[in-house]
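K.L.:
based on what follows, work out the 3D shape:
(one chain, ligands or ions: 2)
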Amino acid sequence: MKLIIAVIQPDKLFDVKEALVAANITKMTASNVIGCGQQMGYTESYRGVPAEINLLKKVELRIAVNEEFVKPTVDAIIKGARTGKIGDGKIFVLDLPECIRIRTGETGVQAIG
Ligand SMILES: Nc1ncnc2c1ncn2[C@@H]1O[C@H](COP(=O)(O)OP(=O)(O)OP(=O)(O)O)[C@@H](O)[C@H]1O
Ligand SMILES: [Mg+2]
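P.N.:
Ligands and ions are numbered 1, 2, ... in the order given. Got it, this is the predicted structure:
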């Protein structure tokens, strides 16, 4: 199992969600976050010379998947979020040791799917 964490532009959330659903990925968690990448939030927002980092509004998606869904999930996020401009976002793929469905006590691949 893997936990896919993606940080995307907030205005791409709808497109990413549509691409995920089209790929049959329907379980996800989304949060409003702030962050910055290699431009330290400045080139992206055109606020002048950076004196310190500038945290910009982003959306973070968390999606736990079985192994066969890792590539479809990553591909869907890219399809929905990529503009080719700086600040399009980043995807982190983490090993996920366990998942438990609270209602049933199911664990592992049964609980995720
Ligand atoms: N190494 C990192 N660790 C944690 N969060 C990161 C990291 N890189 C990017 N992020 C998060 O992802 C968001 C989007 O990053 P961004 O797309 O600007 O990455 P980048 O490396 O600067 O690439 P680009 O040059 O295309 O902008 C950041 O605002 C931050 O929240
Ligand atoms: Mg950047």
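
K.L.:
what about whatever residue of the chain ends up closest to ligand 2, distance to N24?
P.N.:
Going by C-beta to the ion, ligand 2 is nearest to G37 of the chain, at 3.0 Å. C-beta coordinates here come from the backbone N, C-alpha and C atoms, glycine included. According to C-beta to C-beta, to the nearest Å, G37 and N24 sit 30 Å apart.

K.L.:
which of the two has more neighbours?
P.N.:
G37 (17 against 9; other C-beta atoms under 10 Å).

K.L.:
my guess is Y42 meets E52, correct?
P.N.:
No - the criterion here is C-beta atoms under 8 Å, and Y42 misses it with E52 at 9.7 Å.

K.L.:
so the two - more neighbours on which side?
P.N.:
Ranked by neighbour count (other C-beta under 10 Å), Y42 and E52 place Y42 first, with 17 against 8.

K.L.:
on the pLDDT front, check S45 for me.
P.N.:
With respect to pLDDT, S45 scores 82.

K.L.:
so it belongs to a helix, correct?
P.N.:
No - under DSSP: H, G, I helix; E, B strand; the rest coil, S45 sits outside any helix and is assigned coil.

K.L.:
interface residues of this structure facing ligand 2?
P.N.:
Proximity of the chain to ligand 2 is confined to G37, Q39, I86, G87 under the rule C-beta under 5 Å from the ion.

K.L.:
format these as CSV; extra columns: pLDDT, secondary structure and distance to D95.
P.N.:
Output for those, formatted as CSV (pLDDT from 0 to 100; DSSP: H, G, I helix; E, B strand; the rest coil; distance: C-beta to C-beta, whole Å):
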residue, pLDDT, secondary structure, distance to D95
G37, 94, coil, 23
Q39, 88, coil, 29
I86, 96, coil, 29
G87, 96, coil, 27
